[in-house]
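> structure for this input, please:
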Amino acid sequence: YLKRFQVSALKIDQQFVQRLPDDAEDGAIVTAVIQMSKALGITVVAEGVETAEQATFLAAHGCDIMQGYLISRPVAPQQLVEFIQK
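Numbering: from 1, shown residues only. Modelled structure (predicted):
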């Protein structure tokens with residue numbers, strides 16, 4: 001499907017992120033998804049990033065974009081511009 005539908009981004013579910021970097025199986029899955037995505041020219045987004053250790057693991061393995069409470073709690077639309085400027 002990734003090849004057939006010309007996917008431009010692939011999101012890694014928070015279920016696989018939450019136990020990083022301690023869970024070897026989740027680490028292997030995340031690493032494989034990132035490597036496969038990179039080989040296909042697909043941007044990788046990890047959701048549910050809550051700790052610096054998770055962010056470090058993901059960055060070290062080439063994850064392009066991270067989402068989660070470590071980055072920011074949800075922001076109301078009227079506060080978004082101010083948040084981005086900071």
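
> how far off centre is stretch 23-33?
Distance of stretch 23-33 from the chain centroid (C-alpha atoms, centre = their mean, to the nearest Å) equals 13 Å.

> avg pLDDT for the helix or strand where E53 lies?
Using DSSP states H and E, E53 falls within helix 52-60. The pLDDT scores in helix 52-60 average 98.

> pLDDT score assigned to V81?
88.

> let me fix that, I meant to ask about P77.
Listed pLDDT for P77 reads 88.

> and the next helix or strand past the helix holding E53?
Downstream of helix 52-60, the next assigned helix or strand under DSSP H and E is strand 65-66.

> ok, the spatially most central residue of the chain to A55 distance?
Nearest to the mean C-alpha position of the chain, by C-alpha atoms, centre = their mean, lies A46 at 1.4 Å. Separation of A46 from A55 (C-beta to C-beta, to the nearest Å) stands at 9 Å. All C-beta spots, glycine's among them, are computed from the backbone N, C-alpha and C.

> any shared contact partners between the two?
Residues touching both A46 and A55 by C-beta atoms under 8 Å, 6 or more residues apart in numbering: M66.

> how about the residue nearest to the centre of the chain, nearest residue that isn't a chain neighbour?
I12 (4.5 Å; C-beta to C-beta, 6 or more residues apart in numbering).

> and that neighbour, its phi and psi?
phi -90, psi 120 (degrees, to the nearest 10).

> roughly how far does it sit from M66?
10 Å.

> now V81
For V81 relative to M66 (C-beta to C-beta), the value is 21 Å.

> neighbour-wise, which of the two wins?
A side-by-side neighbour count of V81 and M66, using other C-beta atoms under 10 Å, places M66 first with 19 against 10.

> that one touches L58, doesn't it?
Yes: between M66 and L58 a contact is recorded at 6.0 Å, counting by C-beta atoms under 8 Å.

> quick check: neighbours shared by these two?
Going by C-beta under 8 Å, 6+ apart, residues that sit against M66 and also against L58 are A46, V49.
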